[in-house]
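**Student:** dropping a prediction and its sequence here:
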Amino acid sequence: MSRSRASLRLIRPAPTRRVKAPESAPAGATQRIVESVTSAIVERRLMPGTKLAEQKIADIFKVSRTIVRQALNQLSRDRLVNLAPARGAFVAMPSVKEAHQVFELRRMIESAMVRQLGKTVTDGQLVELRAHLRAEAAAVSRSDVSGRTRLLGDFHIVLARMLGNDVLVQLLTDLIARSSLISLMYQSSHSAEESLAEHVRIVDALERRDVRTATRLAEEHLSNVEQNLRLDPRIPDLVQILGTA
């Protein structure tokens, strides 16, 4: 009787499907969007209440909407953007209460900052401050609105940086961005020329090592900016508004 051979069949494993790795975003793309939006606010190119369309921003920066969403979430945490369910993202519109609180906090921080800097400022730092003031003056004289707005805000950050405290620099950067939104929202009448003159007086006091005067001038400068905001809007008189319609 012949023995039947069992036929052996080679079973090949099914080919594994390659799962395409998610496309990584360009390095720092999220931060690039955050910095661009923040700069546009500080330089008064983005107004309070402006809608920030995700797809449009994605097209501008050539990234996915996921990356844009991450940037908008960060800006929301910084209180520069409001995220409204089912409506999208909008440049923040600070309240009157928030405006007062921001300037109160800035006075507390910057008076202490200038007081400390007055004790430690070096001749080299004074040279840097004078150069910054010349840049401010040049921007003011040529009516470079975005340039002068950025430089006037940067003056405070330059002072903070001279103390070598990175946390202070970041905190003040955020506060100045929020101050710019407030100035836009409430139509500050504090002119660039006034701000420049007040900056010059602060540096003059620092150069004399007059700590008390420099600190007082820093506080007065921020109080002047706040006082020139229209933070007490009148309740509209409908008779006056509509009576002549």
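**Tutor:** In hand now; what should we look at? Numbers count the residues shown, from 1 in each chain.
**Student:** what about residue 212, how many neighbours?
**Tutor:** Burial of residue 212, expressed as a neighbour count using other Cβ atoms under 10 Å, amounts to 10. Using the backbone N, CA and C atoms, a C-beta is placed for each residue, glycine as well.
**Student:** tell me the SS of it?
**Tutor:** Under DSSP: H, G, I helix; E, B strand; the rest coil, residue 212 falls in the helix class.
**Student:** who's in contact with residue 157?
**Tutor:** 169, 172-173, 176 (Cβ atoms under 8 Å, 6 or more residues apart in numbering).
**Student:** 6 Å instead?
**Tutor:** 172-173 (Cβ atoms under 6 Å, 6 or more residues apart in numbering).
**Student:** okay, and it sits in which element?
**Tutor:** Using DSSP states H and E, the secondary-structure element containing residue 157 is helix 145-161.
**Student:** kindly report the same for residue 173.
**Tutor:** helix 166-185.
**Student:** just the angle between the helix holding residue 157 and helix 166-185, please?
**Tutor:** 150 degrees (axes from the mean of the first three to the mean of the last three Cα atoms, to 10 degrees).
**Student:** for the protein, where's the lowest mean pLDDT among helices and strands?
**Tutor:** Across the helices and strands of the chain, the lowest-confidence element by mean pLDDT, DSSP states H and E is helix 238-242, at a mean of 57.
**Student:** tell me where this protein has strands.
**Tutor:** With DSSP state E, the ranges of strands along the chain come out as 51-52, 81-84, 88-91.
**Student:** now those as CSV including distance to residue 99, mean pLDDT and mean neighbour count?
**Tutor:** As requested, those are exported to CSV (distance: least, Cβ to Cβ, whole Å; pLDDT from 0 to 100; neighbours: other Cβ atoms under 10 Å):
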stretch, distance to residue 99, mean pLDDT, mean neighbour count
strand 51-52, 22, 95, 16
strand 81-84, 15, 95, 16
strand 88-91, 15, 95, 18
